[in-house]
Every structure is written in structure tokens, then in C-alpha cells.
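> Task: produce atomic coordinates for the following.
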Amino acid sequence: MKRACIIGAGFGGLALAIRLQSAGIATTLVEARDKPGGRAYVWQRDGHTFDAGPTVITDPACLEELWALSGNRLSADVDLMPVMPFYRLHWNDGTHFDYSNDEAQLRAEIARVAPTDLAGYEDFLDYASGVYQEGYVKLGHVPFLDFSSMVKAAPALIRYQAWRSVYSVVSSFVESEKLREALSFHSLLVGGNPMTTSAIYALIHKLEKESGVWWARGGTNRLVAGMVALFERLGGTVRLGDKVTRIHTIGNRASEVETASGWRERFDAVASNADLMHTYRDLLVDVPRGADYARSLERKRWSPSLFVVHFGMEGTWPGIPHHMVLFGPRYKGLLEDIFDHGVLPRDFSIYLHHPSVTDPSMAPAGHSTFYALVPVAHLGKLPVDWSEVGPILEKRVLDEIGARLIPDIHDRITTKFHYAPPDFESDLAAYMGSAFSLEPILTQSAWFRGHNRDDVIPNLYLVGAGTHPGAGIPGVVGSAKATARLMIEELRL
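Next comes the predicted model:
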């Protein structure tokens, strides 16, 4: 039996592990942290369950497929609950917009907020449906290993004007600035600037409409636990709390994996779900390929980081939906501050996550669980002392939520903590604290992203946000499908 090692138990690593083990390849999954999940970590504090993220589950079919490989069912391990509305978008002038795939309700919302844009929205939906078919259904699980594969995809990219930004394309269909923001903010969920991210990412709108938005009862961590349970039932091995320190090579092939504890084993193939820069700069530190590719990665654009305030409160809030976006007074200027200028702006937009309104098990009786997230520049652009800035920004974020939704928020909070860019860097070995790996611009997508199989070390593979198609649960699960196909074909030779 051939043996494979996967470094990192994030969603991409877990999905790849399940695919390999289902195919009869003895697979060992090695995770540095004490719990699996990667960015989908979890904390239990004062009776609250705080998921680190991600919090939006779309395309459950890509997850169901993992269970079906071995004749199992996702529902045996994970209870998915529909979320409606998908998001409530709220502007600081008091306007709100409930975003969902209820067509009648969505059109009523557009008619209320931007009545002259109904026809334009229909045209945008046709566009989003087209890029969804081309960019996700056809190409979302296909490895781009050489430039010829990019050339083959070029006609579709040209047809849908992939060189334009999501915001630019949306603006060509609708006139209302609020509706433009409502239809373009999704790229922020995968680390992209709506003003520069390729228009292909408009497919997210269709993806959500097609499959809905879901929540795993008990938290995103329960989806992680379900994937681990499936992998172990199939005979896979999970090694937690043991950081990989080296990928050893013999000639041009990966040969062994070594960890901080001194564990060292030989494998036929190695796949990394770790941070892209960390994989090459640190794990391949003694290998020329590692240094060469790390220098190339230094020249690329990396997605921003995040600042997240987790808090539990007295009281329940049925009027605050599961997902909200509290837009600030600026959109384009705020994005420029984060992505281009690397400053900490005075204003911000907040993604507010309120899981206990859907799933009361996330909080003690009579209490609520929240997290508030704001994008911030990564450490390479914003090298501030977060031990000083963190508490200040935490208060500002909570003050804003108080001013717009919960006036006595500070009196009601019973527990809180924040997670800042240095935490992404230290806990996840994320380069410069980036939360989503490479920024998803056109020149860093598909073949221009990290390849699912390394170009120089033929039995070294990549999976996760740094590879095609990119970040987000469907993205990294799709990357696992592409990488697994390569690994299974080559390990069965």
C-alpha cells in the first residue's frame, strides 16, 4: 500500500485526506495545533462556543461527495441548517437589504432600495450564471499544471471579461451604489478587493443562489469533527500537536516528513495544506527549490489580514440575523486603505456573525454568541504594535455595533477576546499574517497560483487557499479534488 502524508488539517487537508484514504492510500495527517481545523479552529469559553471561522458554508454537495466516496452520508456526522437571509446588509444611513435566494423576496428588496436596477440585476444574474459554469463547475476542480492549460481556459476568460474587476462588472449592470456594494462584497470573503479581484469571482453570487448558505449545528468546528471522524473510520491517521519542521528530499523527490517532537517517517508522496510561503521557505529550507520559489512568492501580492472580536452577551437578539455586513461611510476609499495604503482607517465595515440566533447551543441559556470581523492590512503593510492597537480597535468595533444595533453592548458583554494579524502569523504560520494566502487577482489565479503539484519535486503537492481555485470552503475542497486526482493517478502507477 502506498503511503501519503498531508501537512495541515484545515478543510483542504482534511478533504484531501478523505479522498486519498477512500482510494486505498494509507494517509497520515499531521497538524501543528492541538485541534484540527486550521483557520476553522474553535474555543470554548464561559459556556460559549467561538468558531474562528470560516462561518459561511456553501455548496454542501462538494462536502457530501467526500462521504459518498466510501458509501457514507454527510448527515450521519454533520447536521447542516439553512441560514435565511444569507446576509443582512446595513448602511450607516439606516438602510438595510436582506440578501437571499428567495427570488420574490430578493426582487422586493431591490425594488425597495434600487427600483430602477431590477432589469440590470437580471442581466447581472445571467452574467454570474455564466462565470459560475465556466469558473466553478468546469474549472474549479481542474489542476492548472502548465501554461497550456491556461491558454485553453482563455476563451472563456475573454468572453466574460475576466480582466475587469468584480465591482467594475457589477457597475456595468446596476446604477445604485448600495446595490453595487451588495453584489460585489463577496470577494472580500475570499481575501479579494472587489475593486481589483477578477470578475470571475462574481460566480460566488450564483454559487450561493444555487446551493444556499448553511450552518453546521454546533459550529463550523462540528463540520471539522465530522470530517476527522470519517477519515479515521476509513483507517486514516491523525497526528495532532506536532508541528512539521522539515520536508526531506532525496534527489528531486520528497522522501520524509519530520516534526518538532522528533517523529520522522518516509512517505511515497507529501502534500502541504500549510501556508504557501511557510511550505517553501521553512519546510524546504535545505532544498534549492524551497528558496527559489520563496523568492518568487515574496514578489506576489498577499491578501489582507483580519481583526476579529469574539464576544458573548447577556440576552438574546432575534432581530439580529445570523450574518450581517455593517457597511461604513466609505467603500472604495476604505478598500484602498486596506489593500493599497496599509493604514488603519478611522472608519470600517464590519462582518457581524451571530450564530446563536440560528443555533442556541452556541451560547448558554439566555445569552448570545457573536464575532465581529474587520479586514485590516497584513503585517507587511501595517507593522503596528498590535498589543497596543488591538484593545483600542476592539473598543472601536464594539462601539460601532453599539451605536448601530445594541446601545448597551458594553454592559451586556460577559466574555470577550480578539484575534489579530500576529495571531494568524504565530498560530497558522501565515506569511505576514495574511488570512487568505495570495490575493485573488487574475494574475495570481489558476496557473498563476501555487500549482497542485510542484514543478520541480514531482511527489510534492499543494492543497488549500494558496492553490487553484483559492480560499473559502468550496475553493479549498475543490483544490483537494484536483490534487487528489493527481496523487491517486501517480501513486497507483
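> And the strands in the stretch 151-300 of the chain?
214-216, 237-239, 244-250, 253-259, 264-266, 269-272 (DSSP state E, counting those that start in this stretch).
> what's the second one packed up against?
Read that as strand 237-239. Judged by 3 or more C-beta pairs under 8 Å, 6 or more residues apart in numbering; DSSP states H and E, strand 237-239 is in contact with strand 26-30, helix 220-233. Where you see a C-beta, it was placed from the backbone N, CA and C, and this is true even at glycine.
> Name every strand pairing with it and say which way it goes.
strand 26-30 (parallel) (DSSP bridges).
> Kindly report the same for the last one.
Taking DSSP bridges as the criterion, strand 269-272 pairs within the sheet with strand 3-7 (parallel), strand 460-462 (parallel).
> quick one: the last one to chain centroid distance?
Using C-alpha atoms, centre = their mean, to the nearest Å, the mean C-alpha position of strand 460-462 is found 19 Å from that of the whole chain.
> what packs against the helix or strand that that strand is followed by?
Using DSSP states H and E, the helix or strand that follows strand 460-462 in sequence is helix 473-491. If you count contacts as 3+ C-beta pairs under 8 Å, 6+ apart, helix 473-491 packs onto helix 11-22, helix 60-68, strand 269-272, strand 460-462.
> So which bits of the second one are buried?
Right, the one you point to is helix 60-68. Across helix 60-68, burial judged by 16 or more other C-beta atoms under 10 Å covers Pro60, Cys62, Leu63, Glu65, Leu66, Trp67.
> Next, format these as JSON lines and append pLDDT and distance to Arg449.
Shown next, in JSON lines, are the buried residues of helix 60-68 (pLDDT from 0 to 100; distance: C-beta to C-beta, whole Å):
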{"residue": "Pro60", "pLDDT": "96", "distance to Arg449": "25"}
{"residue": "Cys62", "pLDDT": "96", "distance to Arg449": "19"}
{"residue": "Leu63", "pLDDT": "97", "distance to Arg449": "22"}
{"residue": "Glu65", "pLDDT": "97", "distance to Arg449": "22"}
{"residue": "Leu66", "pLDDT": "98", "distance to Arg449": "22"}
{"residue": "Trp67", "pLDDT": "98", "distance to Arg449": "28"}
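> thinking again about what came up before, pick the most deeply packed of the strands of the stretch 151-300 of the chain.
Compared across these, strand 269-272 shows the largest average neighbour count, a mean of 28 (mean count of other C-beta atoms under 10 Å).
> got the contact list for that strand?
The contact list for strand 269-272 (C-beta atoms under 8 Å, 6 or more residues apart in numbering) reads 2-8, 13, 16, 247, 254, 257, 279, 283, 459-464, 483, 487, 490-491.
> CA atoms only for that strand, dumped as PDB, please.
Taking C-alpha atoms only, strand 269-272 is exported to PDB below (Å, rounded to 0.1, in the frame of the first residue of the first chain):
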ATOM      1  CA  ALA A 269       4.100  11.400  -1.500                       C
ATOM      2  CA  VAL A 270       3.700  14.600   0.600                       C
ATOM      3  CA  ALA A 271       1.000  17.200   0.300                       C
ATOM      4  CA  SER A 272       1.000  20.600   2.100                       C
END
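> pLDDT averaged over it, what's the number?
Here strand 269-272 scores 98 as its mean pLDDT.
> So what touches stretch 241-261?
The contact list for stretch 241-261 (C-beta under 8 Å, 6+ apart) reads 5, 7, 30-34, 239, 263-267, 269-270, 272, 274, 279, 283-287, 456-460.
> Relative to Thr55, how far out is Leu306?
12 Å (C-beta to C-beta, to the nearest Å).
> what does Gly120 give?
With C-beta to C-beta as the criterion, Gly120 and Thr55 are 30 Å apart.
> Compare those two (neighbour count), which wins?
Neighbours per residue (other C-beta atoms under 10 Å) separate Gly120 from Thr55, with Thr55 holding more: 23 against 20.
> out of everything not next to it in sequence, what's closest to the more buried one?
On the basis of C-beta to C-beta, 6 or more residues apart in numbering, the spatially nearest residue to Thr55 that is not a chain neighbour turns out to be His353, at 5.0 Å.
> Just the buried residues of stretch 138-151, please?
Leu139, Gly140, His141, Val142, Pro143, Phe144, Leu145.
> still on that earlier bit, so which of the strands paired with strand 269-272 comes closest to Gly192?
Nearest to Gly192, of all these, is strand 460-462, at 19.5 Å by C-beta to C-beta.
> what residues does that closest one touch?
Strand 460-462 has contacts (C-beta under 8 Å, 6+ apart) with 247, 254, 269-272, 276, 279, 450-454, 479, 483, 486-487.
> redo that, cut-off 7 Å
254, 269-272, 450-454, 483, 486-487 (C-beta atoms under 7 Å, 6 or more residues apart in numbering).
> Same check on stretch 372-386?
188, 302, 304-309, 338, 342, 344, 348-352, 397, 401, 420-422, 425, 432-434.
> Fine, thanks again, bye for now.
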